[in-house]
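Student: what's the 3D shape of this:
(chains A, B, C and D, ligands or ions: 4)
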Amino acid sequence: MSEQQEVVERELTMSRGMVEAIAHEMRANDEVFYMGEDVADYGGIFDSTEGLLDEFGHDRIMDVPISETAYLGAAVGAAQEGMRPIAELMFVDFFGVAMDQIYNQMAKNTYMSGGSVSVPMVLTTAVGGTYNDAAQHSQTLYGTFAHLPGMKVVVPSTAYDAKGLMHNAIRDDDPVVYMFHKRLMGIGWMPAPDGPKTPVPETDYTIPFGSADVKREGADVTIVTLGLHVHRALDAADSLAEDGIDAEVVDLRTLVPLDRETILESVRKTGTLVVVDEDYRSYGVTGEVVATVTDEALAHLDAVERVAMPDIPIPYARPLETETQPQAADIEAAVERTQ
Amino acid sequence: MSEQQEVVERELTMSRGMVEAIAHEMRANDEVFYMGEDVADYGGIFDSTEGLLDEFGHDRIMDVPISETAYLGAAVGAAQEGMRPIAELMFVDFFGVAMDQIYNQMAKNTYMSGGSVSVPMVLTTAVGGTYNDAAQHSQTLYGTFAHLPGMKVVVPSTAYDAKGLMHNAIRDDDPVVYMFHKRLMGIGWMPAPDGPKTPVPETDYTIPFGSADVKREGADVTIVTLGLHVHRALDAADSLAEDGIDAEVVDLRTLVPLDRETILESVRKTGTLVVVDEDYRSYGVTGEVVATVTDEALAHLDAVERVAMPDIPIPYARPLETETQPQAADIEAAVERTQ
Amino acid sequence: MVAISELQEMYTDMVTARHYEERLQEEYLEGKQPAFDISAGPIPGELHLAAGQEAAAVGVCQHLRDDDTVTAPHRPHHVAIAKGVDLKRMTAEIFGRESGLCRGKGGHMHLFDPDVNFACSGIIAEGCPPAAGAGLAAQKRNSDSVAVAYLGEGAIDQGGFFESLNFAAVHDLPVVFVIEDNDWAISMPKERVTDVDDGSQRAAGFDMPGVRVDHDDAVAVYEAAERAVGRARDRNGPTLMEIQVHRRMGHFMGDPQTYRPEDDQTAATERDSIDRLEADLRARGVEDTTIKNLRDAAEDRVEEAIEWAKDQPEPDPETAHEDMFANPPSGVTDTDPEFDLMGGDD
Amino acid sequence: MVAISELQEMYTDMVTARHYEERLQEEYLEGKQPAFDISAGPIPGELHLAAGQEAAAVGVCQHLRDDDTVTAPHRPHHVAIAKGVDLKRMTAEIFGRESGLCRGKGGHMHLFDPDVNFACSGIIAEGCPPAAGAGLAAQKRNSDSVAVAYLGEGAIDQGGFFESLNFAAVHDLPVVFVIEDNDWAISMPKERVTDVDDGSQRAAGFDMPGVRVDHDDAVAVYEAAERAVGRARDRNGPTLMEIQVHRRMGHFMGDPQTYRPEDDQTAATERDSIDRLEADLRARGVEDTTIKNLRDAAEDRVEEAIEWAKDQPEPDPETAHEDMFANPPSGVTDTDPEFDLMGGDD
Ligand SMILES: Cc1ncc(C[n+]2csc(CCOP(=O)(O)OP(=O)(O)O)c2C)c(N)n1
Ligand SMILES: Cc1ncc(C[n+]2csc(CCOP(=O)(O)OP(=O)(O)O)c2C)c(N)n1
Ligand SMILES: [Mg+2]
Ligand SMILES: [Mg+2]
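Tutor: Numbering: from 1, shown residues only, chains lettered A, B, ... in the order given. Ligands and ions are numbered 1, 2, ... in the order given. The predicted structure follows:
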């Protein structure tokens, strides 16, 4: 710890961390504005804009018609004019009504223009299950967004990360998809686990993309995960520790760019990889993380496990959702299988 | 070869194989019809319906407005009523304007209904590059479709497979996404390589989904691929043979279900895996195939390589597209790196 | 003039739907005590109730047969009841039980009852294209069944809605699109999201008739729907209807509704559609006791459905892995054909 | 009355655009000999040419400044020319050369020229939302620039178009939507895909003015666009325009057009818009030699651009890996902040 380090005691929920960064950037730059459904008077269904209307008014915290293609595309257009829109897709599950604007325009225009155009926008969207909202409102779709090139894909797991990643996202000149997990936000009616509420500096700061964070150091097994499952993995690690297994938990924080170095370094140390993902198992995050290791460090790999949502739409009833979503116990069991 | 085997000499292009199966099923079943843009008088931009209008008329070979959400969703609705629509998305690259109908309705309704509803439709779509059609008209998006559960995903590489897989697709009571590679169809103005034109029986037959096909047997390395790249892999294998490397080429034929057994069997034999994919490298097919092997046969794996489209939108100019698309020489080089 | 028996049927369905929503509200909120926690209690997930919107459901569905198709959005119960969906199994589904319509997999936004051709979806306006598809199937099969797509006034800015209007119009499909205008899309009042006060005007751009019923009077809806459904059944093509209704509750349970002015509630509560239909019944000579009997029977049916549902077991976790496909993943066969392909691909 | 100088400018742009398309057709087809092979020749990929549609381009763009934004669809050259896109670099892009507007990455459907705020996209109607966004930016910045979205008559059934109309209308954005009605969407005649003959009627559903110019007369387009662009610039909101034009060539080069009746071509060729404007110029007293000079200069400029483009080097294959992001992938910083988070996450 260097002499100059600021000591931070104030704790925030993840939603407050995210909103604080947005407010800061909006104060600093008139060209930043936020568009979405129910983001103004309601404050965002998942508290993503809570309190912003009061300070910034309806012009800069804009409710929009239920026309995701139009308003996400309008964000692309405004961004190409040099403004810095933040546009919210209320649930990531709705991407299908607007995916062309997202991936064929927002994500590709910089490259297709040979760099003459840039699209400095942030697409915010709520992800994740755990509250029985069924197949059309519970997905993370991490793999879907990370697979298609041109978007930086951010998934915070704590208030500290949420704020720093949001500062970086808004200042970045490229399109950033910022996926916040509903269960982590600290919404009154959806109690968060303890982990995401962290100390958060009042000052602004940026967390670079592509820097995974080792949320727990360990020598025996590398658990690579993101979002909600960082906390489930930490729970699993605690209980594994009681059995004498020392797990390292790597929080990817961004899927694009992917911090392959941190994954490799950890696996080179532990020899064992468990990838945990709330998204569908096949053709997604788990496969990419595994292949990252086989690409560069096959010889170091003694055991691998994947723990993910099976390839089925997310069921509604509580016992069914719980069965399909990776639980801490599932992570523990997977780790045990590797030992 | 059993006594009863029919000897087949007649060769067809892949397009003819596909169309023959459609025509057969339409004759057999009044409830089969085909909808799409320019599928009637034009015969399908990529010959997917060539000649069908003459036999079946505009009621069963239906041109539709450029409203992919409406007509793909109408296919879902008609399928739920028990009809068997085939609906064409002209280029897979356009999925973003209609993805909600594709993945939130077509793919999920069977599961969400607890099996009380089925959606017996086929979504046909043209995929692939090689003719410089740039970022919005050249993708395969294999990983995008294979990742989201509820669709069977089919990618034929020869006329023989195209026909048998199409018969199975139309008769199947589930939604099937049938992705035909433009370069393989044998269209007059887009010369196909030699491989896809194969003998095709006149009779109808079904090729089951989830049965990968070993297109070339070999002892030294397993090349797993699909679509156009089956042929590039075979070319590579021929030239590797001259250097004494005996490559096995596995054509996946379907991504969902994935024939994990055939992959594993081959890798258990060769110890070496090279996965080749025309889709974007990260979070896609190559990772899943690699992880399939590490899930079950890590100990057998001596070397792995991935050869895929880098994570960039597909560029237009010929030297740029050629640079980014996996060529036979790239496959060869990858195999050589494993030896 | 509407037959008294039909008025009584509509009244029964309206009372059923109203009581149903009120009881679900109770059951839902009770479980969220003390502090509202969406993951607690007997009813999982979000819950969008339709109290105050019954007239739009019964006035249209009164004209429908079991073989007619209805798609509804995220706020589907009143329409499901009017369409004749199995109330017990629907309730069991909402409570996430094994014997629910969807074996507990769908939940309240994804109710499927193929016996009466009812389905719903939680994605705004995305029920429109499948309804057009049901109409297309009827047309191709030369049957006279029709399809009805329900949507909220907030959904009429969504691309899929417009595309469906055009698709239905150009193919003359037997489809009726029904907009339930409850003035709100969650917290967004309709004037914030479109310049057009009357959503049925959207029809003009497609050369399709558009009609608005500007108060939630079941009889007025019935009459307008008679023409629209009749037009569809007679193969004269689609119609767009808009019906003014009232959202008596929050958007979903737990909605604080801080965005909503008080008088928005009072004004509308005064013109309650059930009272209005009850007055009509009286004016047509129906006795108070008859009305009371209808009401009691409806309420009993609701209680019975809820009791039954709550008695049903939760699904076995393992069943989560079932129902992915109607056929096996391999399709209709799992044996490869055998041919001798001369120099071919094998 | 339109000033003669403006007429001459429009005439110049029309001749430029027409000659450009004819020359590209030659260059393109020459390379595909003997049998048409889409992957051969100097111009890669598909090629959609706009000969016959020039009036729609010049009549509207004549009212635009460099800081006004235009989005065009897959058939963009005539609009790009009218908007003042750099002709040499555009041509180099179409030929896939290093010095092309997009360094050879975009190609003919994805031309970007930020100097004059021009962009196009190959996905039907998906240029509309970004145009609305440019209008939104102008509004938020209190500037009087406007945005114009071009689309074909086949695109007016696409969801994104409708959503954009509504979005622009409800926010009173300075946007003009311009439908080029060339009667065909590839092989589909417009009566097969919509019941409405006049696409500008779609505006009615949004309480937006709609206007159709039913012949490809550059002056008539100019006059209608004067009102529409003026309305936008004066912050009175959006307008939907439709202009009847004519597709003189196939949908794309190589299109056999077997679906197209012969007289569809003859009728339209007779009312050629360039001849018409030439006649107007003469009627306004412009000399034949002046006209010839304008024409020659335009043609020379085209030849020069094509020669220049063909002389440019192809891009180095390695450059394919450049231009993914404006900033490095790590964003604006690549050093992690250092705080002492008490019991926090580090
Ligand atoms: C495509 C899409 N966007 C947003 C949502 C989130 N959402 C659910 S209901 C709703 C409001 C719908 O309003 P309206 O159509 O008027 O129906 P109401 O709720 O009033 O019955 C919104 C925005 C969604 N489900 N789907
Ligand atoms: C969403 C989408 N669907 C289909 C296509 C394929 N397509 C390209 S151009 C075209 C026809 C467009 O017709 P129109 O809008 O009238 O323009 P025109 O070609 O006549 O200029 C089609 C269907 C596409 N590019 N995007
Ligand atoms: Mg509403
Ligand atoms: Mg056209």
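
Student: Please count neighbours and contacts with C-alpha atoms only from this point.
Tutor: Noted.

Student: Within range of chain A, give me the residues from the stretch 51-200 of chain C.
Tutor: Residues of the stretch 51-200 of chain C lying close to chain A by Cα under 8 Å from any Cα of the partner chain are C:95-97, C:104-107, C:122-124, C:154-155, C:157-159, C:186-188, C:192-194.

Student: Just the buried ones from those?
Tutor: C:95-97, C:104-107, C:122-124, C:154-155, C:157-159, C:186-188, C:193-194 (16 or more other Cα atoms under 10 Å in any protein chain shown).

Student: interface residues of chain A facing ligand 2?
Tutor: Residues of chain A found near ligand 2 (Cα under 6 Å from any ligand atom): none.

Student: Low-confidence ranges, chain A, go.
Tutor: Applying pLDDT under 70 to chain A picks out residues A:1-5.

Student: How is it partitioned into domains?
Tutor: Chain A resolves into domains spanning A:8-199, A:213-338 when parsed by automatic domain parsing.

Student: Next, find the distance separating whichever residue of chain A sits closest to ligand 2 from B:Gly36.
Tutor: Closest residue of chain A to ligand 2, Cα to the nearest ligand atom: A:Asp100 (8.5 Å). Look at A:Asp100 and B:Gly36: by Cα to Cα, to the nearest Å, they are 19 Å apart.

Student: need the helices for the stretch 101-250 of chain C, in chain order.
Tutor: With DSSP state H, counting those that start in this stretch, the ranges of helices along the stretch 101-250 of chain C come out as C:128-140, C:159-170, C:190-193, C:218-233.

Student: Equivalent analysis for chain A, please.
Tutor: In chain A, the helices defined using DSSP state H lie at A:14-28, A:52-60, A:68-80, A:99, A:109-112, A:142-147, A:159-171, A:228-242, A:260-270, A:285-297, A:318-324, A:328-338.

Student: Mean neighbour count added to the ones you listed, as TSV?
Tutor: Shown next, in TSV, are the helices of chain A (neighbours: other Cα atoms under 10 Å in any protein chain shown):
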stretch	mean neighbour count
helix A:14-28	22
helix A:52-60	16
helix A:68-80	31
helix A:99	23
helix A:109-112	30
helix A:142-147	25
helix A:159-171	27
helix A:228-242	21
helix A:260-270	20
helix A:285-297	24
helix A:318-324	22
helix A:328-338	19
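
Student: Now the element after the worst-scoring helix or strand of chain C on mean pLDDT, going C-ward?
Tutor: Scoring the helices and strands of chain C by mean pLDDT, DSSP states H and E places helix C:262-270 at the bottom, with a mean of 78. Sequence order places helix C:273-283 as the next helix or strand after helix C:262-270, per DSSP states H and E.

Student: for that next one, packing partners?
Tutor: If contacts are counted by 3 or more Cα pairs under 8 Å, 6 or more residues apart in numbering or on different chains; DSSP states H and E, helix C:273-283 sits against helix C:4-31, helix C:54-61, helix C:218-233.

Student: buried set for that helix?
Tutor: Burial within helix C:273-283, assessed by neighbour count using 16+ other Cα under 10 Å, is assigned to C:273-274, C:276-278, C:280-281.

Student: Show the subsequent helix or strand relative to that helix.
Tutor: Following helix C:273-283 toward the C-terminus (DSSP H and E): helix C:288-311.

Student: residues contacting A:Glu20?
Tutor: Shown in contact with A:Glu20 (Cα atoms under 8 Å, 6 or more residues apart in numbering or on different chains): A:Lys163.

Student: let's go with 10 Å and repeat that
Tutor: A:12, A:14, A:26, A:49-52, A:162-164, A:166-167, A:200, A:202-204 (Cα atoms under 10 Å, 6 or more residues apart in numbering or on different chains).

Student: what sits against A:Gly115?
Tutor: Counting by Cα under 10 Å, 6+ apart, A:Gly115 has contacts A:109, D:101-103, D:105, D:112, D:322-326.

Student: so which of those residues would you say is closest to D:Glu22?
Tutor: Checking these against D:Glu22 with Cα to Cα, the nearest one is D:Leu101 at 21.1 Å.

Student: how much space between that closest one and D:Lys88?
Tutor: 9 Å.

Student: overlap in contacts of these two?
Tutor: D:Ile94.

Student: Could you list the low-pLDDT ranges of chain C?
Tutor: Checking chain C against pLDDT under 70 turns up C:343-346.

Student: circling back: who wins for neighbours among the contacts of A:Gly115?
Tutor: Highest neighbour count within the contacts of A:Gly115, by other Cα atoms under 10 Å in any protein chain shown: D:Lys105, with 35 neighbours.

Student: quick one, phi psi at that one?
Tutor: phi -90, psi -30 (degrees, to the nearest 10).

Student: So for B:Gly57, which of the helices of chain A sits nearest?
Tutor: helix A:99 (33.9 Å).

Student: Residues touching the closest one, excluding its own?
Tutor: A:68-69, A:72-73, A:105-106, B:94-100.

Student: any idea which of the residues you listed is closest to D:Arg233?
Tutor: A:Gly73 (21.5 Å).

Student: what's that closest one in contact with, if anything?
Tutor: A:67, A:79, A:87, A:98-102, A:105-106, D:126-134, D:160, D:164.

Student: neighbours of C:Arg65, just the number please.
Tutor: 14.

Student: Would you verify that it is located in a strand?
Tutor: No - counting by DSSP: H, G, I helix; E, B strand; the rest coil, one finds C:Arg65 to be coil, located in no strand.

Student: Confirm for me that it is in contact with C:Phe118.
Tutor: No - counting by Cα atoms under 10 Å, C:Arg65 does not reach C:Phe118; the two are 11.2 Å apart.

Student: overlap in contacts of the two?
Tutor: Joint contacts of C:Arg65 and C:Phe118 (Cα under 10 Å, 6+ apart) are C:83-84.

Student: could I get the helices of the stretch 101-250 of chain C as TSV with distance to B:Asp59?
Tutor: Formatted as TSV, these follow (distance: least, Cα to Cα, whole Å):
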stretch	distance to B:Asp59
helix C:128-140	8
helix C:159-170	13
helix C:190-193	39
helix C:218-233	19
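
Student: Point me to the residue of chain A nearest ligand 1.
Tutor: A:Phe94 (5.2 Å).

Student: If anything else comes up later, I'll come back, but that's it for now.
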